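> here is my input; please provide its structure:
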Amino acid sequence: MKRIFITGGAGFIGSAIVRKLINNGYDVVVYDNLSYGKKNFLPESDSLIFIEGDINETDRLRKAIIDSNAHCVYHLAAIHFIPDCNSNPSKALQVNVVGTESVLNACNNNGMKQIILASTAAVYPINDFPNIEDKTPAKPIDIYGYSKLFSEMLLKKFQKETGIQSIALRLFNAVGPRETNPHVIPHIFLSAKDTDLIPLGNLEPRRDYIHVDDIATAFLQITKNRTDVNGFDIFNVGSGNEYSVIDLTKMIGNLLGRELIVEKRNERVRNIERMHLVSDISKIKKTIGWEPKINLEEALLDTAKYYQ
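The predicted model follows:
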């Protein structure tokens, strides 16, 4: 039986993974408190079970994992939006760190074969070069990055103590339909519904964007190629290319057939900013043969359809 248990599976990235798994013959159990996700993001399928619950409800979570008979857990439940984490660090740490500990404890002594943590590129330091998992030192600049780095440390400790394969995927900037946080791409699309004038903050920083379907494929391939992966390991999941906010605005304007005008707003400017955040994906290519199939133009077109 191929069954995977996904925390946060009704969210933006989680729901894309659910669809990918079901389309590849897996049964899926989604555990989500719907604070960010939505049930209507999930496909209707006999291969899907949905459980509403919080990862910090430890007894409920452990029972759900045991009853699921899943052989693998994908842990995505978290507070992802950096301003939310910075404005309420205690809540961010409770969900992202204590919640991860709760998930790991629930996975022990029940036949689990693999755990994959959705980590983040935000664990990396400010630098001007592609980030390499085993060479670039982790040095976050915000609460979200620190919370995910600590989660990786818990995952490594868990693997050492239990022997259960534990993988952290450092996701770069996800693009696609069903985004629930007001990141820059949904912000541009939503603003453009009413006006050509797009209020933005930092314009020059360049980011590495990756379609959610490519992210979902990375999770699936890590599971399908489990024997090719170490007991504990970390992989970047990105495109290896970077684009500025100005680039995004022009590309989205071209898709919409309009010239979007950027209006820089001081209240949207971050005091501490990375000018570059880009992945080196050599390791995941070499290990399991994964690489993105959807370029940014195609990803934005797919996103545009969602906002029509």
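> got the contact list for Val29?
Arg3, Ile4, Phe5, Ile6, Leu48, Ile49, Phe50, Ile51, Ala64, Ser68, Ala70 (CB atoms under 8 Å, 6 or more residues apart in numbering). Where you see a C-beta, it was placed from the backbone N, CA and C, and this is true even at glycine.
> got a pLDDT number for the closest residue to the second one other than its chain neighbours?
By that I understand Ile4. Counting by CB to CB, 6 or more residues apart in numbering, the nearest residue to Ile4 once its immediate chain neighbours are dropped is Cys72, at 4.8 Å. What the model reports as pLDDT for Cys72 is 97.
> give me the number of residues near Cys72?
Residues near Cys72, counting by other CB atoms under 10 Å, number 23.
> so it sits against Leu220, correct?
No - the criterion here is CB atoms under 8 Å, and Cys72 misses it with Leu220 at 10.5 Å.
> how far away is Ile79 from Ser90?
11 Å (CB to CB, to the nearest Å).
> the more surrounded of those two?
Counted by other CB under 10 Å, Ile79 and Ser90 do not tie: Ile79 has more neighbours, with 21 against 8.
> state whether the more buried one is indeed within a helix.
No - remark: Ile79 does not belong to a helix; assigned using DSSP: H, G, I helix; E, B strand; the rest coil, it is coil.
> contacting residues for it?
Tyr36, Cys85, Lys91, Ala92, Val95, Asn96, Tyr144, Ser147.
> how about a cut-off of 7 Å?
Cys85, Lys91, Ala92, Val95, Asn96 (CB atoms under 7 Å, 6 or more residues apart in numbering).
> tell me the one of those residues nearest Ile246?
Distance to Ile246 across these (CB to CB) is lowest for Cys85, with 26.0 Å.
> quick one: the closest one is in a strand?
No - according to three-state DSSP, Cys85 belongs to no strand; its state is helix.
> show me the strands in the stretch 1-150 of the chain, by range?
3-7, 27-32, 48-52, 72-75, 114-120 (DSSP state E, counting those that start in this stretch).
> the shortest one: partners in the sheet, and parallel or antiparallel?
Spelled out, that is strand 72-75. Strand 72-75 sits in its sheet next to strand 3-7 (parallel), strand 114-120 (parallel), going by DSSP bridges.
> where's the residue nearest to Ile4 relative to Lys113, distance?
Cys72 is 6 Å from Lys113, by CB to CB.
> isn't Pro205 up against Arg270?
No - using CB atoms under 7 Å, Pro205 is not in contact with Arg270; the gap is 8.6 Å.
> those two: who's more crowded?
Pro205 (17 against 14).
> count the neighbours of Ile164 for me.
When neighbours are counted by other CB under 10 Å, Ile164 comes out with 22.
> enumerate every residue touching the closest residue to Phe232 other than its chain neighbours.
Closest residue to Phe232 apart from its sequence neighbours, by CB to CB, 6+ apart: Gln159 at 4.2 Å. Going by CB under 7 Å, 6+ apart, Gln159 touches Ser166, Gly231, Phe232.
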